[in-house]
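S.K.: Model the following, please.
(chains A, B, C and D)
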Number of protein chains: 2
Amino acid sequence: MPIPHFGQPRYRVIADKLRLRIESGAIPPGALLPAESLLTTEFRASRGTIRQALAVLRETGLVATEHGRGTYANPRPHQSGSDTCSEPETRQREIPADPEIAEIFGVDVGAILIENESVTRWNGAVRTVVRTYRLRRARP
Amino acid sequence: MPIPHFGQPRYRVIADKLRLRIESGAIPPGALLPAESLLTTEFRASRGTIRQALAVLRETGLVATEHGRGTYANPRPHQSGSDTCSEPETRQREIPADPEIAEIFGVDVGAILIENESVTRWNGAVRTVVRTYRLRRARP
DNA sequence: AGAAATTTGTCCGTATGTATC
DNA sequence: AGATACATACGGACAAATTTC
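M.R.: Numbers count the residues shown, from 1 in each chain, chains lettered A, B, ... in the order given. Next up, the predicted model:
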C-alpha cells in the first residue's frame, strides 16, 4: 500500500533532514551515516525511497557512498587553517599507446599519445593523480 | 524473478544504446524518446530499470524529462558550430598499481587503486581520456 | 469545459547479486 | 564462512501533469 506524497515528496523531506544533520555537525565530516536498512525503520520508508534521498545528497556532493561499506558524510574536507593543499605538480610527455587505451582511441598499439599528468598532494601525501590522454594531431 | 546483472548492469547497457541513438541522430535533438512504457517492452526491462537508464542520460544532460510530456533528446546542444561533443562516458574500477604510479603514491606495487575514467568524444572520435587515480579508503 | 487516455513521478514490497567487514 | 551493507531488478499501485477527444 503506497503512502501518498502530499506536497513535498517523501524522499526530499528525508534528504532535507539528513542534510540538516550533516550541516549541523550531528554527523561530522567523514562519519558514516546510518545504514540504509536503519534509515528505513527510522523514517518508515522503503529502501528505494531512502536510496532516492541519498541520491539527492550524493548529487550535491554532500555524501559519498561506497559499495559494501556505507555512506559517508561530507567526503571533501573543508579548508581549514593548517591544512596545506599543494599546487598540482604537472608534467607532459609522449607515450606509446598500450592495447587498452589504443582500443579506446581506435588507433594502433604503440601509437604516440600525449599524456598530461597532474599530482595533487594534501598535507604532503598524494591525494589524486589525474592523467589526460589525447592524440597528437594536426591543428584544425 | 530478478535477472542477475553479470558484468555491466542492465540499466547502463540500455543507457548506452539510447545514447547511441541520440548521438547517431536516429533520435534528433528536440525529439521525444519512446515512452517509458514502450521502452520496457522493447528492452524487456522493468520500468524502474528504464527510469534508471534515463536518469544516467539526464545526469549527463543528454536528455531532459518533463512530467506528463515525455523525455526529450539533447534539448540544448550547447556546442557551437557543427561540432558535436558528447558528454563524457565514465566508469570506475579498481586496478593494481603499476610501478610508476605506485611510486607516486608511495605504496607497494600491486596496491589497489580506484581509477575513474572519462572518455570524451568529438564528432564521434575520441578526443580525450581522463583517468583519475586515488587510494582506496583505508580500513577504519 | 470536461472526461479519458497517455506519460512521467512517487512509493511500496520482495528477491537476489556483490562487496566489505 | 558468516554477517552486514550497498547495488540491481522485478512488479504493482496510485498521484500528478499533459495531451487528446
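
S.K.: What ranges in chain A fall below the confidence cut-off?
M.R.: By pLDDT under 70, the low-scoring segments of chain A are A:1-6, A:75-90, A:121-125, A:127, A:136-140.

S.K.: if we go to 50?
M.R.: Applying pLDDT under 50 to chain A flags residues A:1-5, A:76-83, A:85, A:137-140.

S.K.: Show me what from chain A comes close to chain B.
M.R.: A:59, A:66, A:69, A:101, A:104-106, A:119, A:125-135 (Cβ under 8 Å from any Cβ of the partner chain). For glycine as for every other residue, the C-beta is placed from the backbone atoms N, C-alpha and C.

S.K.: Give me the subset of these that also touch DNA strand D.
M.R.: For DNA strand D, the contacts drawn from the residues of chain A next to chain B by Cβ under 7 Å from any atom of the strand are A:66, A:69.

S.K.: Would you mind checking the residues of chain A next to chain B for buried ones?
M.R.: Among the residues of chain A next to chain B, those classed as buried by 16 or more other Cβ atoms under 10 Å in any protein chain shown are A:101, A:105, A:119, A:126-135.

S.K.: Could you pick out which of the residues of chain A next to chain B are located in strands?
M.R.: A:66, A:119, A:125-135 (DSSP state E).

S.K.: now these as CSV including distance to DNA strand C?
M.R.: As requested, those are exported to CSV (distance: Cβ to the nearest atom of the strand, whole Å):
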residue, distance to DNA strand C
A:66, 6
A:119, 24
A:125, 19
A:126, 20
A:127, 19
A:128, 18
A:129, 19
A:130, 22
A:131, 22
A:132, 26
A:133, 26
A:134, 31
A:135, 32
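
S.K.: and residue A:39, what element?
M.R.: Using DSSP states H and E, the element containing residue A:39 is helix A:36-43.

S.K.: how much distance is there from that helix to the middle of the chain?
M.R.: Relative to the centre of its chain, helix A:36-43 is centred 23 Å away, using Cα atoms, centre = their mean, to the nearest Å.

S.K.: If you count contacts, what does that helix end up packed against?
M.R.: helix A:10-23, helix A:47-59 (3 or more Cβ pairs under 8 Å, 6 or more residues apart in numbering or on different chains; DSSP states H and E).

S.K.: Let's see that with 10 Å instead.
M.R.: Packing partners of helix A:36-43 (3 or more Cβ pairs under 10 Å, 6 or more residues apart in numbering or on different chains; DSSP states H and E): helix A:10-23, helix A:47-59, strand A:70-73.

S.K.: Residue nearest the middle of chain A, spatially speaking?
M.R.: Nearest residue to the geometric centre of chain A (Cα atoms, centre = their mean): residue A:64, 5.8 Å.

S.K.: ok, now how distant is that residue from residue B:134?
M.R.: Distance, residue A:64 to residue B:134, using Cβ to Cβ, to the nearest Å: 12 Å.

S.K.: ok, now residue A:23?
M.R.: Plainly put, residue A:23 is 25 Å away from residue B:134 if you go by Cβ to Cβ.

S.K.: Repeat that for residue A:105.
M.R.: The value you get for residue A:105 to residue B:134, if Cβ to Cβ is used, is 24 Å.

S.K.: How is chain A divided into domains?
M.R.: Under the assignment automatic domain parsing, the domains of chain A span A:10-73, A:89-135.

S.K.: For residue B:43, which of the ones you listed is the nearest?
M.R.: With Cβ to Cβ as the criterion, residue B:43 lies closest to domain A:10-73 of these, at 20.2 Å.

S.K.: what's the first-to-last distance across that closest one?
M.R.: 21 Å (Cα to Cα, to the nearest Å).

S.K.: chain center to it, what's the gap?
M.R.: Distance of domain A:10-73 from the chain centroid (Cα atoms, centre = their mean) equals 15 Å.
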